[in-house]
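1. for reference, the sequence and a predicted model appear below.
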Amino acid sequence: MELVANMDGTWSMQKLHDMEKLLLEKIREAADYSDSEKAKERIFPTPVRDDGKPDEDADAIRGDWGELVRPELASLFEDALGVVEDDLKKMKKSRAGKKGERYEISVPKAHANQWCQALNQARLVLHEKHALPEQNEMLDGEIPEGKWMAMLQSEIYGVIMEFLVTRVLWIK
Amino acid sequence: MATVTEIEAIPEIDVEDEDSLAPVWNVVIWNDPVNLMSFVTLVIRRIFGYSEAKATELMLMVHEKGKAIVWTGEQERAEFFVQQLQGHQLLASMQKV
């Protein structure tokens, strides 16, 4: 995979292998927190942590948050996934090499925020669901296939995010 | 020419003023091993308008100390900032000072 910040208002992912294409197509699935309470708690953390002391202000904020802010955040996150999903439909074959098909996709820079959001959500959910190790930590013993795949997904999503943050979205 | 100097009464500070009694809140970002350091720095810069140096310092504090207070002030603004930070999926909350 090659990531390129173009001069025409787009950024591209080029020379994508089958596996990379597949993992990109799995962003929405990876970002789905609906079947995991832990993932849900991570995506929608409390606005005021409970320090054990009674506090009417904190209770009121938590109540408003659940009623008003969380639905807004959920809608924001869903919109980002929708933008990514639409962009992915534009993925096309670039060439068939000896080692298999290659693909490429160009994305408007205006969608970089939504891509970052969707990739970040997918990484957060993958880490919660699969209890992935923290950066620089190693896994002991035999790694189940699902966990191995989740690690690879998180790694690739992280590479794309890093590119977007430092090459497309960075404030000069 | 004669001059008249009037000494105006200095207004008393109203200690019962609602604003002066309003609690102050810290906006806190907590460490999260998944979020990229560059992303956290970008979000802090974007939301608070801090310089790259200040945002990086705060990000490193989050990373090394487990949390950083990124803003302090009145409740409504604190809620706004926490919503913005959570909108970028950072682990953020507010706490009364």
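-> That came through fine.

2. can you classify B:I69 as helix, strand or coil?
-> strand (DSSP: H, G, I helix; E, B strand; the rest coil).

3. the closest residue to it other than its chain neighbours: neighbouring residues, count only.
-> Distances taken as Cβ to Cβ, 6 or more residues apart in numbering or on different chains put B:N26 closest to B:I69, at 4.6 Å, once the chain neighbours are dropped. Where C-beta positions appear, they are placed from N, C-alpha and C, glycine not excepted. Counted with other Cβ atoms under 10 Å in any protein chain shown, the neighbours of B:N26 add up to 17.

4. now swap in A:L68 and tell me
-> Look at A:L68: counted by other Cβ under 10 Å, it has 10 neighbours.

5. for the spatially most central residue of chain A, give me its contacts.
-> With the centre of chain A defined as its mean C-alpha position, the nearest residue by Cα atoms, centre = their mean is A:L119, 1.6 Å away. With contacts defined as Cβ atoms under 8 Å, 6 or more residues apart in numbering or on different chains, the neighbours of A:L119 are A:I27, A:Y157, A:G158, A:I160, A:M161, A:L164.

6. can we see that at 7 Å?
-> Listed by Cβ atoms under 7 Å, 6 or more residues apart in numbering or on different chains, the contact partners of A:L119 are A:I27, A:Y157, A:I160, A:M161.

7. the third one: which element?
-> Assessed by DSSP states H and E, A:I160 sits inside helix A:145-163.

8. what about that helix, average pLDDT?
-> Confidence over helix A:145-163 (mean pLDDT, whole number) is 93.

9. gap between it and the chain center?
-> Relative to its parent chain, helix A:145-163 has a centroid offset of 9 Å by Cα atoms, centre = their mean, to the nearest Å.

10. so what's the residue nearest to the centre of chain A scoring on pLDDT?
-> The predicted local distance difference test score for A:L119 is 98.

11. show the backbone phi and psi for the nearest residue to B:A22 once chain neighbours are set aside.
-> In space, and not counting its chain neighbours, B:A22 is closest to B:E74: 6.0 Å by Cβ to Cβ, 6+ apart. Backbone geometry at B:E74, expressed as degrees, to the nearest 10, gives phi -80, psi 160.

12. all set now, cheers.
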